[in-house]
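1. Sharing a sequence plus its predicted fold:
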Amino acid sequence: MRLYFDRGTIVLEGLAPGMDGDSLPGMLWDARIAQPRAPAFRYRAIVGALRRRGIIFIDEVRVSRPPTGPWNAIELRPYQHAALVAWGLEKLGLVILPTGAGKTRVACAAMAESRAPSLCLVPTRALLHQWRAELGRHYGGPIGCLGDGERRIEDITIATFEGAYRHMTHLGNRFGLLVVDEVHHFGAGMRDEALEMCAAPRRLALTATAPSGDALAHVIEMVGPVVWELTIGDLAGRWIADFDSIVLKLRLTHDEQRRYELAVGVFRSVFDRFQAFSPTGQWSDFVATASRSSEGRAALTAFRHSRHLTTYPEAKRAALSALLSQHRGSRILVFTSDNETAYAIARQQLIMPMTCDIDRREREQALAAFRTGELRTLVSAQVLNEGVDVPDADIAIVVGGVRGEREHVQRVGRLLRPAPGKHALVYELVMMGTHEERKSAKRRRALTPATHHGA
């Protein structure tokens with residue numbers, strides 16, 4: 001029998017008499033070639049199953065290559081070393097560490113220890129360049145790049161998710177180790193093929209906050225289980241800067257509250273009926289159902305209006321002005337839920353906005369000015385959440401957010417670069433008597449110490 005790689009899949013040719021290929025992990029019969037086939041990420045499990053059964057086969061999946069090198073010694077903090085040890089038991093799995101805790105360094109150490117040709121996947125071009133710089137400090141050989149207009153493949157290669165997705169059909173059997181940064185972007189179908197078409201038997205996934213539910217289950221299937229987890233609460237005060245989280249509970253004006261309750265009432269009248277008939281239905285199911293009727297569409301409009309009323313009401317405007325004045329000498333990051341609010345704050349407070357509408361060169365210039373102190377405050381909706389190397393900041397003011405716990409952890413992490421005597425402050429502006437109270441409580445729970453560390 002022969003096992004070979006074919007455009008992101010694994011094919012088993014020449015089945016032994018009486019053998020059922022469908023019994024192997026992930027294998028299904030492909031009538032077009034009259035052979036069983038599986039997604040390439042099943043390679044490790046398939047080889048293991050064949051060996052346990054004592055079946056002799058020719059393995060032509062992976063291209064044999066010499067060990068990578070040279071690698072410099074990589075100094076790790078105790079928790080980073082523990083994460084590496086936990087991952088190294090099976091050389092498979094997910095490491096969860098907060099922003100600023102050195103996930104990239106753990107990955108570099110794993111690559112150095114494995115000495116295997118390695119492919120590192122990152123979500124953005126900004127992270128592509130950050131990873132290349134970090135790897136260049138530890139690895140003396142050439143570093144390949146797939147993305148941002150480059151297409152150069154080396155034994156150590158960094159690729160954007162999109163670049164990997166486009167080229168994995170012919171690169172999927174070239175690497176022995178797959179490293180996936182910000183793996184929470186996977187698991188819900190978007191570009192999951194970038195992981196599924198790679199045959200690398202060793203896999204290390206990194207994130208500050210893991211996905212949940214079905215998305216987490218699919219990520220675990222593709223990269224392995226959670227093997228190490230620490231939160232901001234576990235590391236603050238020693239390995240990352242200490243901080244205080246301060247919730248400012250504000251109230252809508254009488255007119256804003258009246259309009260909010262009216263909008264919520266219109267929405268709930270439809271949503272409650274949907275939940276009664278579909279108790280296990282998801283939000284996406286409700287949106288699909290509501291979009292089919294005028295009443296449902298009115299409910300969706302009311303829902304959006306209720307959210308808009310809490311995005312940047314009068315109380316938040318006043319509180320933000322007071323906080324900016326109070327901390328005038330500090331470096332401040334202001335976070336909003338949308339670009340419209342970011343621009344409104346930029347105009348009112350005369351501070352630099354950082355949005356997806358601003359090109360990379362201008363953003364880099366703004367970050368450089370923030371680093372030197374020429375700019376003291378930046379306001380952003382999503383751009384500063386991840387994938388951008390944000391200079392040292394002391395204060396974060398969260399005016400609004402849309403992505404829950406993961407977004408909050410990423411934002412707080414932007415403040416936690418350690419410095420002697422540093423104590424950061426995170427202000428969260430929350431409208432009482434609205435949905436923001438419940439969401440704020442969930443966000444803060446994400447900062448508490450993890451219930452477990454190792455697998």
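-> That came through fine.
2. could you check the distance from the nearest residue to K91 once chain neighbours are set aside over to G176?
-> Distances taken as C-beta to C-beta, 6 or more residues apart in numbering place R202 nearest to K91, at 4.2 Å, with adjacent residues excluded. Any C-beta I mention is one placed from the backbone N, CA and C, and that applies to glycine too. R202 sits 6 Å away from G176 when distances are taken as C-beta to C-beta, to the nearest Å.
3. Now the common contact residues for these two.
-> Among the neighbours of R202, those also in contact with G176 (C-beta atoms under 8 Å, 6 or more residues apart in numbering) are S114, A116.
4. So those two - more neighbours on which side?
-> More neighbours sit around G176 than around the other of R202 and G176, counting by other C-beta atoms under 10 Å; the figures are 24 against 21.
5. Looks like that one contacts A199 (just checking).
-> No. Under the criterion of C-beta atoms under 8 Å, G176 lies out of contact with A199, with a separation of 9.3 Å.
6. hey, what's in contact with both of those two?
-> With C-beta under 8 Å, 6+ apart as the test, G176 and A199 both reach R62.
7. what about the residue nearest to S330 when sequence neighbours are not counted, neighbour count?
-> Nearest residue to S330 in three dimensions, chain neighbours excluded: D394, at 4.3 Å (C-beta to C-beta, 6+ apart). Residue crowding around D394 was assessed by other C-beta under 10 Å; the count is 19.
8. got it, and the one 5 residues further on?
-> Taking other C-beta under 10 Å as the criterion, the count of residues near V399 is 24.
9. List the contacts of it.
-> Taking C-beta under 8 Å, 6+ apart as the test, what V399 contacts is T311, Y312, K316, L320, V334, F335, T336, S337, T341, I345, L429.
10. go with 10 Å
-> Residues in contact with V399 (C-beta atoms under 10 Å, 6 or more residues apart in numbering) are 311-312, 316-317, 319-320, 323, 334-337, 341-342, 344-345, 379, 381, 427-429.
11. okay, it: pLDDT?
-> Here the pLDDT value assigned to V399 is 93.
12. Residue ranges of each domain in the protein, please.
-> The chain is divided into the following domains under automatic domain parsing: 2-60, 78-230, 242-252+313-445, 254-309.
13. for these, which one ends up most surrounded?
-> For these, the stretch with the most neighbours on average is domain 78-230, a mean of 20; neighbours defined as mean count of other C-beta atoms under 10 Å.
14. May I ask which helix or strand of the chain has the lowest mean pLDDT?
-> The element with the least model confidence among the helices and strands of the chain, by mean pLDDT, DSSP states H and E, is helix 404-413, at a mean of 75.
15. which residue sits closest to K442, ignoring its sequence neighbours?
-> If you skip the residues right next to it in sequence, K442 has E405 as its closest partner in space, 5.9 Å away by C-beta to C-beta, 6+ apart.
16. Name all residues that make contact with the one you found.
-> So, once contact is read as C-beta under 10 Å, 6+ apart, E405 ends up touching A208, T209, S212, K439, K442, R443, R444, R445, A446, L447.
17. between those, which is nearest L367?
-> Nearest to L367 among the contacts of E405 is A208, at 20.1 Å by C-beta to C-beta.
18. my guess is that closest one meets R414, correct?
-> No. Contact criterion C-beta atoms under 10 Å: A208 and R414 do not qualify, at 11.0 Å.
19. mind listing the strands for the stretch 1-150 of the chain?
-> Taking DSSP state E, counting those that start in this stretch to define them, one finds strands in the stretch 1-150 of the chain at 2-6, 9-13, 28-30, 35-39, 58-60, 92-96, 118-122, 143-147, 150-152.
20. Mind putting those strands into a markdown table with distance to R166?
-> Formatted as a markdown table, these follow (distance: least, C-beta to C-beta, whole Å):
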| stretch | distance to R166 |
| --- | --- |
| strand 2-6 | 17 |
| strand 9-13 | 17 |
| strand 28-30 | 23 |
| strand 35-39 | 17 |
| strand 58-60 | 24 |
| strand 92-96 | 25 |
| strand 118-122 | 12 |
| strand 143-147 | 8 |
| strand 150-152 | 10 |
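21. quick one: low-confidence ranges for this structure?
-> Along the chain, segments meeting pLDDT under 70 span 190, 383, 385-391, 402-404, 446-455.
22. helices or strands next to the longest helix anywhere in it in the packing?
-> The helix spanning the most residues in the chain, taking DSSP state H as the definition, is helix 254-277. Counting contacts by 3 or more C-beta pairs under 10 Å, 6 or more residues apart in numbering; DSSP states H and E, helix 254-277 packs against helix 283-290, helix 294-311, helix 314-326, strand 423-431.
23. Contacts only, for the most centrally placed residue in the chain.
-> Note on the chain: the residue nearest the mean C-alpha position is E182, at 3.3 Å, using C-alpha atoms, centre = their mean. Taking C-beta under 10 Å, 6+ apart as the contact definition, E182 lies against 103, 121-124, 127, 161, 205-209, 386-387, 406, 410.
24. out of those, who's nearest P66?
-> The closest of the contacts of E182, once distances to P66 are taken by C-beta to C-beta, is L121, at 23.1 Å.
25. Hmm, the closest one is touching H167, no?
-> No. In this structure, L121 is not within contact of H167 by C-beta under 10 Å, at 11.5 Å.
26. Spit out the residues that contact the two alike.
-> The contact lists of L121 and H167 share L146, G147, A159, A194, where a contact means C-beta under 10 Å, 6+ apart.
27. Can you pick out the most distant pair from those?
-> The largest distance within these, taken as C-beta to C-beta, falls between G147 and A194 and amounts to 11.8 Å.
28. Residues that sit against both of the two, list them.
-> Listed as contacting both G147 and A194 by C-beta under 10 Å, 6+ apart are L121, A159, T160, F161, E162, G163, A164, R166, H167.
29. so the fifth one touches E193, yeah?
-> No. Using C-beta under 10 Å, E162 makes no contact with E193, being 11.4 Å away.
30. Quick check: the residue nearest to K91 vs A419, distance?
-> In terms of C-beta to C-beta, R202 sits 36 Å off from A419.
31. Check G18 too.
-> G18 sits 67 Å away from A419 when distances are taken as C-beta to C-beta.
32. Also Q365?
-> Taking C-beta to C-beta as the measure, Q365 and A419 are separated by 24 Å.
33. do E113 as well
-> Counting by C-beta to C-beta, the gap between E113 and A419 amounts to 30 Å.
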